[in-house]
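**Q** give me the fold of what follows.
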Amino acid sequence: MSCADREYMEKLWDGRTYYSLNSWLKQRFGTKVYKLSLDAGMSCPNRDGKVGYGGCIFCSSGGSGEFAAESIEEAKRQISKKISHSGPFIAYFQSYTNTYAPADRLKELFTEAILRPDIAALSIATRPDCLEMEKIELLGELNAKKPVWIELGLQTIHPKTAAYIRRGYPLTCFEETVCRLKEAGLTVIVHLILGLPGESKEQMLQSVEYLAHFTPAIDGVKLQLLHVLKGTDLAGQYERNPFPLFSMDEYVDFVIDCLEHLPPSMVIHRLTGDGPKKLLIAPMWSADKKKVLNAFTRRLRERGAWQGRCWL
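**A** Below you'll find the model as predicted:
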């Protein structure tokens, strides 16, 4: 365990906690920070034929960015309907693959965002096969101005599942790209999907363990419950031949298992996710995010569990 991990463990609340994104943001910026979900108008090599067509089988027509706005001002107006907050914000380029464009276009787009006084950081969702060195160098330069996070959709480490979901790149591509990103000083956040068809809990936990011990260290993780959404290839398969999905209680317990195997210094950016209700086919219990998170908090205390308990 590193010095940073020991220091964090010493600050654990009653031995029962996890390192949430909100906690990290308050430590880093000293105030509440909200994400602005943005659609930069890009596509994906897994949709336009460079790698494949149709995208990953779980990905909707919105490219995992159904709540995304086309500009920062529009995103701020959307969020103002729910909360009163003037900043700072994180510009979250969410829809599709947000480095799938020439470097000059990326420089213009990201520089405009990062220079805004109300933007504290950039978070850029992309694929490891769309991060050439020229783009990584650009992101490193921007990171010298304000924090830049790169979010990579790994989803699973298992080749059979990766082929089934049509991820479109090998695990070695992920590994090599993460090493280059970390060498450039960038923050790396990795997405895992829990509940992919055909994967056992043991296999899912193997993906978690892989990230827990990855060198160089992964900075953050998003644990995403598998959602079956209308209009996806996954939905067609589910309707023809329904596959088992987590119940809420099963998922809550399994997420806690995952947290116990992650290092205490790794920031937990997501515990479940919330698909758009108008598209959600299953599991329907996931639409009540507040209920899920309350169940998680209660179960965490009942089990006396904490992030890193089983991490070696």
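**Q** stretch 27-39: which residues count as buried?
**A** Using 16 or more other CB atoms under 10 Å as the test for burial, stretch 27-39 gives 33-39. Just so you know, the C-beta spots here come from the backbone N, C-alpha and C atoms, and that holds for glycine as well.
**Q** got it, and stretch 241-248?
**A** 245-246, 248.
**Q** turn the residues you listed into CSV, including pLDDT and distance to Trp149.
**A** CSV is the format used below for those (pLDDT from 0 to 100; distance: CB to CB, whole Å):
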residue, pLDDT, distance to Trp149
Leu245, 97, 30
Phe246, 97, 28
Met248, 97, 29
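**Q** secondary structure and distance to Lys182 added to those, as a markdown table?
**A** Formatted as a markdown table, the buried residues of stretch 241-248 follow (DSSP: H, G, I helix; E, B strand; the rest coil; distance: CB to CB, whole Å):
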| residue | secondary structure | distance to Lys182 |
| --- | --- | --- |
| Leu245 | coil | 35 |
| Phe246 | coil | 32 |
| Met248 | helix | 36 |
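**Q** out of those residues, which is nearest to Leu139?
**A** Phe246 (34.9 Å; CB to CB).
**Q** in contact with that closest one, which residues?
**A** 194-195, 225-226, 254, 283 (CB atoms under 8 Å, 6 or more residues apart in numbering).
**Q** dihedrals phi and psi, it?
**A** Torsion angles at Phe246 (phi, psi; degrees, to the nearest 10) stand at phi -60, psi 140.
**Q** what secondary structure does Leu152 sit in?
**A** strand (DSSP: H, G, I helix; E, B strand; the rest coil).
**Q** scratch that, Ala121
**A** Going by three-state DSSP: Ala121 is strand.
**Q** which two of the buried residues of stretch 27-39 have the greatest separation?
**A** Every pair of the buried residues of stretch 27-39 checked by CB to CB; the farthest is Val33 and Asp39, at 20.4 Å.
**Q** what's the offset of the longest helix along the chain from the middle of its chain?
**A** Criterion DSSP state H: the longest helix present in the chain is helix 289-303. Centre-to-centre, helix 289-303 and its host chain are 20 Å apart (CA atoms, centre = their mean, to the nearest Å).
**Q** what helices and strands are in contact with it?
**A** Applying 3 or more CB pairs under 8 Å, 6 or more residues apart in numbering; DSSP states H and E, we find helix 289-303 packed against helix 248-260.
**Q** and the next element down the chain from the helix it packs on?
**A** Using DSSP states H and E, the next helix or strand after helix 248-260 towards the C-terminus is strand 267-270.
**Q** tell me how far that next one lies from the chain's centre.
**A** On CA atoms, centre = their mean, the centre of strand 267-270 falls 8 Å from the chain's centre.
**Q** repeat that for stretch 201-217.
**A** Worked out by CA atoms, centre = their mean, stretch 201-217 lies 15 Å from the chain centre.
**Q** now it - C-alpha only, PDB.
**A** This file holds the C-alpha atoms of stretch 201-217, laid out as PDB (Å, rounded to 0.1, in the frame of the first residue of the first chain):
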ATOM      1  CA  LYS A 201     -19.500 -12.500 -11.100                       C
ATOM      2  CA  GLU A 202     -16.100 -14.000 -10.900                       C
ATOM      3  CA  GLN A 203     -15.200 -12.800 -14.300                       C
ATOM      4  CA  MET A 204     -16.600  -9.300 -13.600                       C
ATOM      5  CA  LEU A 205     -14.500  -9.200 -10.400                       C
ATOM      6  CA  GLN A 206     -11.400 -10.200 -12.500                       C
ATOM      7  CA  SER A 207     -11.900  -7.000 -14.600                       C
ATOM      8  CA  VAL A 208     -12.100  -5.000 -11.300                       C
ATOM      9  CA  GLU A 209      -8.900  -6.700 -10.000                       C
ATOM     10  CA  TYR A 210      -7.200  -6.000 -13.300                       C
ATOM     11  CA  LEU A 211      -7.800  -2.200 -12.900                       C
ATOM     12  CA  ALA A 212      -7.000  -2.400  -9.200                       C
ATOM     13  CA  HIS A 213      -3.400  -3.600  -9.900                       C
ATOM     14  CA  PHE A 214      -2.800  -1.900 -13.200                       C
ATOM     15  CA  THR A 215       0.600  -0.100 -13.500                       C
ATOM     16  CA  PRO A 216       0.700   2.800 -13.800                       C
ATOM     17  CA  ALA A 217      -2.200   3.400 -11.500                       C
END
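**Q** now do Gly87 against Ile119, distance only.
**A** Shown here: Gly87 relative to Ile119, a distance of 8 Å by CB to CB, to the nearest Å.
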